[in-house]
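# okay, predicted coordinates and the sequence, questions at the end:
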Protein chains: 2
Amino acid sequence: MIKINENYLNLKENYLFAETAGRINAFQKANPDKKVIKMGIGDVTLPLCKAVTDAMTEAVAEMSEKESFRGYGPEQGYEFLQSAIADYYAGFGVKLENNEIFVSDGAKSDLGNILDILSKDNKVLIPDPVYPVYVDTNIMDGREIIFADANEENCFLPMPDYDKDADIIYLCSPNNPTGAAYSRDQLAEWVKYAKAKNAVILFDSAYECFIVDDNLPRSIFTVPGAKECAIEFCSLSKTAGFTGTRCGYTVVPQELEVSGVKLNKLWLRRQTTKFNGVSYIVQRGAQAVFSEEGQKQIKENIGYYRKNAEIITTALDELGIFYTGGKNSPYIWLKCPDGADSWDFFDFLLKEANVAGTPGAGFGENGKNYFRLTAFSTHENTAEAMERLKAALKK
Amino acid sequence: MIKINENYLNLKENYLFAETAGRINAFQKANPDKKVIKMGIGDVTLPLCKAVTDAMTEAVAEMSEKESFRGYGPEQGYEFLQSAIADYYAGFGVKLENNEIFVSDGAKSDLGNILDILSKDNKVLIPDPVYPVYVDTNIMDGREIIFADANEENCFLPMPDYDKDADIIYLCSPNNPTGAAYSRDQLAEWVKYAKAKNAVILFDSAYECFIVDDNLPRSIFTVPGAKECAIEFCSLSKTAGFTGTRCGYTVVPQELEVSGVKLNKLWLRRQTTKFNGVSYIVQRGAQAVFSEEGQKQIKENIGYYRKNAEIITTALDELGIFYTGGKNSPYIWLKCPDGADSWDFFDFLLKEANVAGTPGAGFGENGKNYFRLTAFSTHENTAEAMERLKAALKK
């Protein structure tokens, strides 16, 4: 008789965005005259840049002719894209071989799938609050999970605790949801800890493009020794507005060995067996992101979002509200005024300012008095939302 | 200390296509004047049809404008594509709800990933010979595997053996590599067996578009009761030349329950946690496959490949060689003349006829005296390859 993977029964219902959407809709229905500004959205809003759409239009045309048609591509991605990504990394001083770069349909897929090559027996260390996928994918496999507390005291950047053992360590910097970003020295501490524990760091750099501070690392591989203990996951979702176009990449260094087995070789085997590569058309679009023209164009979009983040942080500074993020991240993580519960603050903000954000409780225990705002709206709406927030708090 | 998934160490090196390519290259180098015709390729060669490329060009244009830009889509696919697939199934008498259809980046991904929701404790029944992915993905999880022998006696269509217990059953019809296709009555026998054993059938219908015989089922769900015991995986790779464009779909019926848990719900949770949907652009292309114009155009391409298959089967009939497939499949699985070993026949054919195919041994123990030819070449090359085959065998 067939048996299901019973670990799935241990998953909590993921109701965060369903619940916020439900409350927003109910409010809007009861107050049809109010214009709710949505600052909770974690999705980009600006269109793909011209370099990307031009490249994809051309690729579609190639696919329509027998001579230039492409069938199965390499599961790990075309060399033209691997080389473009390698050049991008070279730009911040990280040397990668093409065979260390695996093109994927997004960081979310690879962050989940990477666990295939790791034993269920490993103990997992995950920061709290955090992107819920890290926790859920490990519950699905039945791994033991421990948490690293992120809080006001450590500016939401928890550091290693040598009294706690861990085999798999998740880090996300700049962080979702807190927007906090580790310095190179802090990451070096994590690398040291991982080596001491013979652990592997799964480093999610999906928001690296928002980093403006030159002292903050865009890749964990800028830390000496990281190639021996880390895998990095990145995505074009936020970098180039690929949330609906789907392309990311995962770097598994050749130096990374566990008991004499290269994880690169295991991951290659996983991907060649359970994946058939990213659409050729999408890979051509992704390649264009890394072209000179593409980089110029995506930086305009990122600059637009960054300006929104600045509008938000300026308002919070004026109000004297503690927050992390915003400077090197599209996320702003603020402390709910007067120690409010994050769901209560959600309701307050919706009712009093007609502004919707995301309650921190949705990202973990340590988020229960925090709140996430995002920089993906328009300048006008962001500015108006902040005026309304100020007015509501002054009441 | 981190531990790898040690099951990976039990995988055999997958050297089939590397080995055939190596032998072909070596021969070509030694005989630069000979023109080798490649009949081993399992990839399509005709370009995407106009309906598809027009739809994708339009979708790229949509993505370039703020008003029509699309960010994150539903992980399980856009309704417009689910509805198009549901209509397609309705065309052969299968009624599906949209929420039973999961759009994916290809059958290979889903065939591997579906195992996430099933316990490692299940016993797996796999036909031999077979598409190697079924075996490898289960070795990766450490499941016990037993085989159903496909051979000349059963025309490479093994039937259930009630003395053997199984929890997960793989069926592929029309089959890769044998091209053999089950009748509806035969599939009904499998459904009966699966119900008797409380097992689930993973049905790979990736080649259904090649079926011309009206008595052969295009979906296992044309068999009464199959919705209670089967999941179906299909792909546009061969149907519409999507091998490099990447789109498929998986049907998990609402009726399919294991110990009171709907597998549909588990799979939805798996996909929403570890997948972010298929590129919007590709989904628009896939939708166009199911349009009236698209269906007309892809049928021309399939007809072209079918003609190649006919050229091959006509030659084999003349030669009196036993084979399966070719009629309702792009694959022709032939018995090596004089009981030859499949690798010896590969070398013979390459040397004497300058034709390259695929040795059956690469697909399992029962393939060791068989050989796979495919219908994805041109008419001219296919006809010439058959003339050369005849001449070589007459020597």
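Thanks, I have it.

# for whichever residue of the stretch 101-250 of chain A sits closest to chain B, give its distance to A:Phe233.
Closest residue of the stretch 101-250 of chain A to chain B, Cβ to the nearest Cβ: A:Gly112 (3.1 Å). No exception for glycine: its C-beta is placed from N, CA and C like everyone else's. From A:Gly112 over to A:Phe233 the distance is 10 Å, taken as Cβ to Cβ, to the nearest Å.

# do A:Glu19 as well
Distance from A:Glu19 to A:Phe233, by Cβ to Cβ: 28 Å.

# hmm, back to that, give the next helix or strand downstream of the helix or strand harbouring the residue of the stretch 101-250 of chain A closest to chain B.
For A:Gly112, the element it lies in under DSSP states H and E is helix A:107-113. Going down the chain from helix A:107-113, the next helix or strand is strand A:123-128, by DSSP H and E.

# which strands or helices does that next one pack on?
Counting contacts by 3 or more Cβ pairs under 8 Å, 6 or more residues apart in numbering or on different chains; DSSP states H and E, strand A:123-128 is packed against helix A:132-141, strand A:144-149, strand A:168-172.

# A:Ile321 - nearest residue in space that isn't next to it in sequence?
A:Leu334 (5.3 Å; Cβ to Cβ, 6 or more residues apart in numbering or on different chains).

# OK, contacts around that neighbour?
The contact partners of A:Leu334, by Cβ atoms under 8 Å, 6 or more residues apart in numbering or on different chains, come to A:Leu316, A:Ile321, A:Phe322, A:Tyr323, A:Tyr370, A:Phe371, A:Arg372, A:Leu373.

# quick check on it: phi, psi?
Per-residue torsions, A:Leu334: phi -110, psi 150 (degrees, to the nearest 10).

# my read: A:Thr57 touches B:Thr57, true?
Yes - here A:Thr57 reaches B:Thr57: they are 6.0 Å apart, a contact under Cβ atoms under 8 Å.

# and the contacts of stretch A:371-386?
A:37-45, A:177, A:304-309, A:311-312, A:314-315, A:326, A:330-336, A:342, A:345-346, A:349, A:353, A:355, A:357-360, A:363.

# I meant to write stretch A:28-47 there.
Applying Cβ under 8 Å, 6+ apart, the set of residues contacting stretch A:28-47 is A:17, A:20, A:24, A:27, A:53, A:176, A:237-238, A:241, A:243, A:301, A:304-305, A:312, A:350, A:354-358, A:372-374, A:376-378, A:381-382, A:384-385, A:388, B:63-66, B:68-69, B:71-72.

# of those residues, just the buried ones, PyMOL syntax please.
In PyMOL syntax, the buried subset of the contacts of stretch A:28-47 is picked out as below (16 or more other Cβ atoms under 10 Å in any protein chain shown):
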select buried, (chain A and resi 20+24+27+53+176+237+238+241+243+301+305+312+350+354+355+356+357+358+372+373+374+376+377+381+382+384+385+388) or (chain B and resi 63+64+69+71+72)
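
# just the ones of the contacts of stretch A:28-47 in strands?
A:Val355, A:Ala356, A:Thr358, A:Arg372, A:Leu373, A:Thr374 (DSSP state E).

# contact partners for the residue of the stretch 101-250 of chain A closest to chain B?
A:Val133, A:Thr137, B:Thr273, B:Lys274, B:Phe275.

# want to throw the residues you listed into JSON lines with distance to A:Ile281 and neighbour count?
Output for these, formatted as JSON lines (distance: Cβ to Cβ, whole Å; neighbours: other Cβ atoms under 10 Å in any protein chain shown):
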{"residue": "A:Val133", "distance to A:Ile281": "26", "neighbour count": "19"}
{"residue": "A:Thr137", "distance to A:Ile281": "28", "neighbour count": "23"}
{"residue": "B:Thr273", "distance to A:Ile281": "26", "neighbour count": "22"}
{"residue": "B:Lys274", "distance to A:Ile281": "23", "neighbour count": "21"}
{"residue": "B:Phe275", "distance to A:Ile281": "19", "neighbour count": "23"}
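
# hmm, stretch A:17-27 touching chain B?
No - if you take Cβ under 8 Å from any Cβ of the partner chain as the test, stretch A:17-27 misses chain B, and the best it gets is 10.7 Å.

# where's A:Val135 relative to A:Ile4, distance?
From A:Val135 over to A:Ile4 the distance is 20 Å, taken as Cβ to Cβ.

# out of the ones in strands among the contacts of stretch A:28-47, which is nearest to A:Ser183?
Of all the ones in strands among the contacts of stretch A:28-47, A:Ser183 sits closest to A:Arg372, with 22.2 Å by Cβ to Cβ.

# mind listing what whichever residue of the stretch 151-300 of chain A sits closest to chain B touches?
Relative to chain B, the nearest point of the stretch 151-300 of chain A is A:Lys274 (3.1 Å; Cβ to the nearest Cβ). Listed by Cβ under 8 Å, 6+ apart, the contact set of A:Lys274 reads A:Asn113, A:Asp116, B:Lys108, B:Ser109, B:Leu111, B:Gly112, B:Asn113, B:Val133, B:Thr137.
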